[in-house]
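Enquirer: next come a sequence and a model predicted from it.
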Amino acid sequence: MRRSAPLALLALLGAALLAAAPRAARAQQPVDTTHRADSVRAPRPADTLAVVRVTALRTPLEATRAPYAVSTAPTRQTAAARPGFALDEVLGAVGGVQVDNRLNFALGERIAIRGIGARSQFGVRGVRVVVDGIPATLPDGQTQLNNVDLGSIGGAEVLRGPASALYGNASGGVVILQTAPAPFARFAPTVRFMGGSDGLARAQIGAGGTDGRATYALSADRLDYHGYRAHSTARNAHANAVATYDWDRASLRLVGNVVRYDAENPGALSATLLRTDRRQAYVGNVAARTGERGAQGQYGASGHVDLGPGALQYSLYTLTRGLVNPIPPRIIQLDRAASGARAAYSATIGDASRSLTGIAGVEWALQRDDRRNWTNVKGTRGALVLDQRERVTNASPFAQLTARLDRLTVLGGLRHDAFRFAADDHLVTATDPNDSGVRHMSATSPSLGASYEIDPALSVYANAATAFETPTTTELANRPSGAGGFNPELQPEHAHSTEAGFKGRLARVAYDVALYRMRIDGELIPFEVPSTPGRQFYRNAGVTEHRGGEVNVSTILAPALTLHGSFAVVNARYVAYSVDTTSYAGNRVPGIAPRIGTLGLEWGLPDERFLAVEERVESATPVTDANDARSPGYAVTNVRGAAHVHGIGVFGGIGNLFGRLYNTSVVINAAGARYYEPAAGRTFYLGIEALPH
């Protein structure tokens with residue numbers, strides 16, 4: 001693999017940053033932190049958990065008073081001494097969130113919240129993702145995360161459960177990611193180099209700082225990975241930039257990120273192939289040279305302007321993406337452009353104990369895909385079989401009210417989403433008719449939640465919410481008949497959810513417990529057909545029901561010693577679902593692990609001395625509608641640690657400490673019974689880094 005040139009370039013840039021650091025330190029003057037109050041934490045005892053405020057509900061609230069299941073991931077500890085592969089490193093310990101890291105950069109990780117999103121064979125479905133105030137989820141509901149530089153993430157919030165009234169096109173929930181705040185120094189460089197098992201080599205550099213009311217954070221990253229399995233080589237290069245400026249009555253945040261990537265896809269294996277050789281690639285994928293090569297750039301701005309008694313909040317973004325994606329039956333080329341804007345006016349009346357906050361606004365988004373498919377002839381382009389332009393437009397007015405009446409908090413939201421999907425068929429011949437067409441999908445999504453503070457250490461809450469989720473353009477365009485245009489039979493799914501729970505905080509313990517029931521009409525289910533193995537198609541189930549519960553607990557056992565754990569149960573079953581003459585009513589929805597538990601023990605501070613041991617236990621997962629095959633359950637242990645002196649340190653970790661054989665993800669209803677994507681055995685990584693101090 002050719003990695004020496006880019007790593008050498010990053011090393012030279014890192015050396016230049018380190019060389020500049022002493023001069024920058026000598027030039028520093030006292031920094032005005034008046035407008036950085038949000039990033040300053042008040043001193044607190046070492047054995048007391050800090051009060052956490054969440055923003056995922058649009059109105060900032062203390063986590064214990066939020067009338068929905070909202071979790072914050074302790075990313076400073078969670079991300080410390082990690083390799084930075086996928087979001088399971090940040091979100092894997094949150095109860096109710098299932099993150100399957102395939103170790104396959106052509107497909108990316110699969111994220112499911114309460115079982116929603118498990119249908120995804122690549123990217124993320126059913127879950128909205130927002131990064132630095134800018135949507136990473138496209139208007140049609142699909143999310144690609146290979147443009148997110150995990151090394152720069154400094155905060156995460158997860159809203160579990162239907163959130164269409166707040167965010168639109170999603171049934172499962174919302175993940176909000178934030179770049180780490182800029183340091184108070186005017187110039188603070190960071191450098192990180194890492195190597196490990198299966199040809200892992202990674203280099204990261206960055207710099208950030210504060211100058212009066214302005215802040216900035218820059219980072220660049222290069223990853224080379226041979227892969228645990230054959231035909232799984234990957235090369236990624238990221239760059240990320242965030243800059244902010246605060247005026248007396250306004251703020252502005254500018255963000256930008258770019259990525260170039262090239263990754264092979266080894267494909268899933270059958271049980272027989274797993275027993276023969278877990279590290280092999282499926283022969284059909286090797287012959288078709290499957291994988292994905294692409295580039296993406298996304299740029300946006302967000303902020304607020306004080307107007308009278310309230311404030312105008314705004315955001316806008318633009319995105320371009322191009323990719324070539326060989327799969328066994330086809331070679332897909334996609335050129336994508338998307339843009340969007342959001343404007344909302346919010347105002348609050350009253351005082352801290354009794355207040356009413358209102359938000360009203362509108363979102364608009366546009367997506368254009370130029371999609372072409374060729375037959376895949378041993379990895380080369382054969383006959384052109386699809387050539388069409390797809391457009392998605394979305395306009396969504398919304399409103400939200402939050403009332404605080406002493407111990408009672410009530411939050412209600414209402415949103416209307418109107419989508420227009422249009423396909424223009426550019427491949428029309430005497431034997432291939434014009435498949436152009438337009439589809440309209442819309443829904444109004446209300447939600448209402450209430451929380452009551454029994455005492456400062458305990459709150460109870462309940463909510464009822466709805467969700468609306470359209471098929472994505474890729475799901476609509478993949479028609480089993482092979483025709484162009486959009487599948488006229490595929491419909492959006494609608495969810496209705498009720499939830500109740502309680503949350504508490506003591507000096508050393510924070511906990512939350514949630515119970516929910518969700519009925520989904522028309523849940524989108526993937527399947528394959530033998531004539532085109534490896535290509536996913538979709539259909540709607542009649543009615544499904546997801547019932548479950550989640551527990552999250554974190555406690556400080558002693559100064560610098562933290563224990564956290566989570567446990568989630570999901571009983572997701574078909575209520576009414578038939579394919580041809582076969583009924584699957586009563587069966588579990590495939591791809592969803594019924595039980596997941598995590599336990600982690602962390603000692604020390606990430607920028608001094610740090611050691612963590614983590615255990616994850618997952619039950620057997622059904623992989624077909626008939627429930628006649630399952631991916632076995634597993635328990636896996638990971639260890640990681642770091643030691644720093646004056647900002648220079650070493651870090652490392654061992655994944656799958658005991659070398660368990662398990663599957664990290666599954667392919668639902670796969671042709672040829674190739675359901676399983678095997679996890680790596682015991683792995684290690686070791687690195688060195690220089691951090692600001």
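Expert: Arrived safely. Residues are numbered from 1 along each chain as shown.
Enquirer: going forward, measure contacts and count neighbours with C-alpha atoms only.
Expert: Will do.
Enquirer: what's near enough to touch the closest residue in space to residue 578 that isn't next to it in sequence?
Expert: Of all residues not flanking residue 578 in the chain, residue 584 sits nearest, at 5.9 Å (Cα to Cα, 6 or more residues apart in numbering). By Cα atoms under 8 Å, 6 or more residues apart in numbering, residue 584 lies in contact with 574, 576, 577, 578, 625, 626.
Enquirer: pLDDT wise, what is residue 584 at?
Expert: Note for residue 584: predicted pLDDT of 95.
Enquirer: following the strand or helix carrying residue 510, which helix or strand comes up?
Expert: Using DSSP states H and E, residue 510 falls within strand 509-521. Counting by DSSP H and E, the next helix or strand C-terminal to strand 509-521 is strand 524-527.
Enquirer: in terms of secondary structure, what does that following strand contact?
Expert: Using 3 or more Cα pairs under 8 Å, 6 or more residues apart in numbering; DSSP states H and E, the elements in contact with strand 524-527 are strand 537-540.
Enquirer: who's residue 441 bridged to?
Expert: residue 419 (DSSP bridges).
Enquirer: how many neighbours does it have?
Expert: Counted with other Cα atoms under 10 Å, the neighbours of residue 441 add up to 16.
Enquirer: who touches the strand holding residue 510?
Expert: Strand 509-521 is contacted from outside by 49, 69, 493-505, 541-556, using Cα under 8 Å, 6+ apart.
Enquirer: that older thread, now a ChimeraX select for only the buried ones of the contacts of residue 584.
Expert: Buried members of the contacts of residue 584, defined by 16 or more other Cα atoms under 10 Å, are picked up in ChimeraX with:
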select :574,576,577,625,626
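Enquirer: and the contacts of residue 584, which two are furthest apart?
Expert: Largest separation among the contacts of residue 584 by Cα to Cα: 576 and 626, giving 13.3 Å.
Enquirer: for the protein, longest strand please?
Expert: Longest strand in the chain, counting residues (DSSP state E): strand 380-405.
Enquirer: partners of that strand, with directions?
Expert: Partners of strand 380-405, by DSSP bridges, with direction: strand 354-377 (antiparallel), strand 408-425 (antiparallel).
Enquirer: turn those into CSV, columns for distance to residue 517, mean neighbour count and mean pLDDT.
Expert: Listed next are the strands paired with strand 380-405 as CSV, based on distance: least, Cα to Cα, whole Å; neighbours: other Cα atoms under 10 Å; pLDDT from 0 to 100:
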stretch, distance to residue 517, mean neighbour count, mean pLDDT
strand 354-377, 28, 19, 95
strand 408-425, 19, 20, 95
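Enquirer: relative to residue 444, which of the ones you listed is closest?
Expert: Nearest of these to residue 444, taken as Cα to Cα: strand 408-425 at 4.2 Å.
Enquirer: related to what we said a few turns ago, can you list the strands paired with strand 380-405 in CSV and add distance to residue 171?
Expert: Output for these, formatted as CSV (distance: least, Cα to Cα, whole Å):
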stretch, distance to residue 171
strand 354-377, 18
strand 408-425, 13
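Enquirer: to residue 397, which of the ones you listed lies closest?
Expert: Taking Cα to Cα, strand 354-377 is the member of the strands paired with strand 380-405 nearest to residue 397, at 4.2 Å.
Enquirer: then the closest one to PDB, C-alphas only?
Expert: The C-alpha trace of strand 354-377 is given here as PDB (Å, rounded to 0.1, in the frame of the first residue of the first chain):
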ATOM      1  CA  ARG A 354     -41.900  30.100  35.600                       C
ATOM      2  CA  SER A 355     -41.300  30.700  31.900                       C
ATOM      3  CA  LEU A 356     -42.700  30.100  28.400                       C
ATOM      4  CA  THR A 357     -40.400  29.600  25.500                       C
ATOM      5  CA  GLY A 358     -41.700  29.600  21.900                       C
ATOM      6  CA  ILE A 359     -39.900  28.600  18.700                       C
ATOM      7  CA  ALA A 360     -41.400  29.000  15.200                       C
ATOM      8  CA  GLY A 361     -39.600  28.600  11.900                       C
ATOM      9  CA  VAL A 362     -39.200  26.800   8.600                       C
ATOM     10  CA  GLU A 363     -36.700  24.500   7.000                       C
ATOM     11  CA  TRP A 364     -36.000  24.000   3.300                       C
ATOM     12  CA  ALA A 365     -33.800  21.500   1.500                       C
ATOM     13  CA  LEU A 366     -32.900  20.400  -2.000                       C
ATOM     14  CA  GLN A 367     -31.100  17.300  -3.200                       C
ATOM     15  CA  ARG A 368     -30.100  16.500  -6.800                       C
ATOM     16  CA  ASP A 369     -28.600  13.100  -7.800                       C
ATOM     17  CA  ASP A 370     -27.300  12.200 -11.200                       C
ATOM     18  CA  ARG A 371     -27.300   8.400 -11.100                       C
ATOM     19  CA  ARG A 372     -25.900   6.000 -13.700                       C
ATOM     20  CA  ASN A 373     -25.600   2.200 -13.500                       C
ATOM     21  CA  TRP A 374     -23.700  -0.100 -15.800                       C
ATOM     22  CA  THR A 375     -23.500  -3.900 -15.700                       C
ATOM     23  CA  ASN A 376     -20.500  -5.100 -13.700                       C
ATOM     24  CA  VAL A 377     -18.200  -7.200 -16.000                       C
END
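Enquirer: and it, how far out from the chain middle?
Expert: The chain centre lies 16 Å from the centre of strand 354-377; the measure is Cα atoms, centre = their mean, to the nearest Å.
Enquirer: where does the stretch 51-200 of the chain have low pLDDT?
Expert: Applying pLDDT under 70 to the stretch 51-200 of the chain flags residues 51, 74-79.
Enquirer: tell me where it has helices.
Expert: Counting by DSSP state H, counting those that start in this stretch, one finds helices in the stretch 51-200 of the chain at the ranges 75-78, 88-91, 164-167.
Enquirer: what is the second one packed up against?
Expert: So the one you mean is helix 88-91. Here helix 88-91 touches helix 75-78, strand 97-100, going by 3+ Cα pairs under 8 Å, 6+ apart.
Enquirer: low-confidence stretches in this structure?
Expert: For the chain, applying pLDDT under 70 flags the ranges 1-51, 74-79, 693.
Enquirer: for it, identify the residue most remote from the centre.
Expert: Here the chain reaches farthest from its C-alpha mean at residue 430, the gap being 44.4 Å by Cα atoms, centre = their mean.
Enquirer: three-state assignment of that residue?
Expert: Counting by DSSP: H, G, I helix; E, B strand; the rest coil, the backbone at residue 430 sits in coil.
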